[in-house]
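**Student:** here's a sequence, model it:
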Amino acid sequence: MTAAIHARDVTVRAGDAALVDSVTLDVRHGELLALVGPNGAGKSTLLSALSGERSLAGGLVELDGRPLSAWQPGPLARERAVLTQDNQVAFPFTVAEVVAMGRAPWRGRPESDEDDAVIAESLARADVAHLAGRAFPSLSGGERARVSLARVLAQRTRIVMLDEPTAALDIRHQEEVFALARELARAGAAVVVVVHDLSLAAAYADRIAVLDRARLAGMGSPREVLVPELLERVYGLGVRVIEDPDTGLPVVLPRR
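**Tutor:** Residues are numbered from 1 along each chain as shown. You can find the predicted model right below:
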């Protein structure tokens, strides 16, 4: 089975500094991969390289068996959706209008007949339907993040990349966002999420990739990767890893 995302020896540089250094990984359809690691480890840069929004200094990225260089902008936008950390809109569009932007890649195609239904569903799934008439700049940071997620949902792609989608959210909406990501993977999408909360990653990800100083320090299931030896080396902090009594999955706690 062809990987939805295949990255081989991906390297991104800024001058002499390696922001991502020789990272190799695959993500399959039906899988949720969490990218974790300390600040500055290269998580967001790797995600932007996988999406085609960042040029490579070396290596290769393929989406569904085709190099990124072979994708035209329109087909690429119908294949993968990207949620960045920057939830800004230059003009005072309403929430409904911002979410409708996610349908732009389908304009002029038969799928555009579904626009109204898809937009309404996306607003509801991101819990922002009640904000549909509000101007986007008037929203709180958390509300903007959920509206931006609704735009990504409306894009209806087979590959979804989310950069810290829960950073501005309360605990309820953090859980809801990851449940949505898990639902997308269950429906056959390949989902990659940058996240700082290791326990949240453990609860929802099939696999976790740990980045440290631009390199891949570990990759595997939550139980394989979230172990004190690796985490203490990467984060420089003592941790305890306990078992969630409900799920049996790892919960990571700092030693205080």
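
**Student:** can you name the residues that contact residue 60?
**Tutor:** 6, 7, 8, 9, 10, 67 (C-beta atoms under 8 Å, 6 or more residues apart in numbering). To be clear about C-beta, it is placed using only N, CA and C from the backbone, and glycine gets the same treatment.

**Student:** could I get the buried residue list for stretch 175-187?
**Tutor:** If you call a residue buried by 16 or more other C-beta atoms under 10 Å, then stretch 175-187 has these buried ones: 176, 177, 178, 180, 181, 182, 184, 185.

**Student:** CSV for these, including secondary structure and pLDDT?
**Tutor:** Output for those, formatted as CSV (DSSP: H, G, I helix; E, B strand; the rest coil; pLDDT from 0 to 100):
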residue, secondary structure, pLDDT
176, helix, 95
177, helix, 95
178, helix, 96
180, helix, 96
181, helix, 96
182, helix, 97
184, helix, 96
185, helix, 97
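
**Student:** packing partners of the helix or strand harbouring residue 46?
**Tutor:** Per DSSP states H and E: residue 46 is located in helix 43-51. When contacts are defined as 3 or more C-beta pairs under 8 Å, 6 or more residues apart in numbering; DSSP states H and E, helix 43-51 sits against strand 5-14, strand 17-27, strand 32-36, strand 80-83, strand 159-163, strand 190-194.

**Student:** and the buried residues of stretch 175-187, which is closest to residue 29?
**Tutor:** residue 185 (8.3 Å; C-beta to C-beta).

**Student:** residues near the residue nearest to the closest one when sequence neighbours are not counted, how many?
**Tutor:** Spatial nearest neighbour of residue 185, excluding adjacent residues (C-beta to C-beta, 6 or more residues apart in numbering): residue 32 at 4.2 Å. Neighbour count for residue 32, taken as other C-beta atoms under 10 Å: 25.

**Student:** which residues touch residue 32?
**Tutor:** So residue 32 contacts 181, 182, 184, 185, 191, 192, 193, 204, 205, 206, 207 (C-beta under 8 Å, 6+ apart).

**Student:** residues in contact with the second one?
**Tutor:** Contact criterion C-beta under 8 Å, 6+ apart gives 32, 204 as the residues in contact with residue 182.

**Student:** give me the domain ranges for the chain.
**Tutor:** Following automatic domain parsing, the chain resolves into domains at 1-64+158-256, 87-157.

**Student:** what's the most distant pair in the contacts of residue 32?
**Tutor:** Across the contacts of residue 32 (C-beta to C-beta), the longest gap, 15.5 Å, separates 184 and 207.

**Student:** how near is the residue lying farthest from the centre of the chain to residue 114?
**Tutor:** What lies farthest from the middle of the chain is residue 256; by C-alpha atoms, centre = their mean that is 30.2 Å. As judged by C-beta to C-beta, to the nearest Å, residue 256 and residue 114 stand 51 Å apart.

**Student:** and for residue 34?
**Tutor:** 30 Å.

**Student:** check residue 77 too.
**Tutor:** 16 Å.

**Student:** the more surrounded of the two?
**Tutor:** Counting neighbours by other C-beta under 10 Å for residue 77 and for residue 114 shows that residue 77 has the greater number, 17 against 14.

**Student:** what bridges to residue 135?
**Tutor:** Residue 135 has the following beta-bridge partners by DSSP bridges: residue 94.

**Student:** count the neighbours of it for me.
**Tutor:** 15.

**Student:** residue contacts, it?
**Tutor:** 92, 93, 94, 95.

**Student:** likewise for residue 155?
**Tutor:** Taking C-beta under 8 Å, 6+ apart as the test, what residue 155 contacts is 77, 78, 81, 102, 103, 105.
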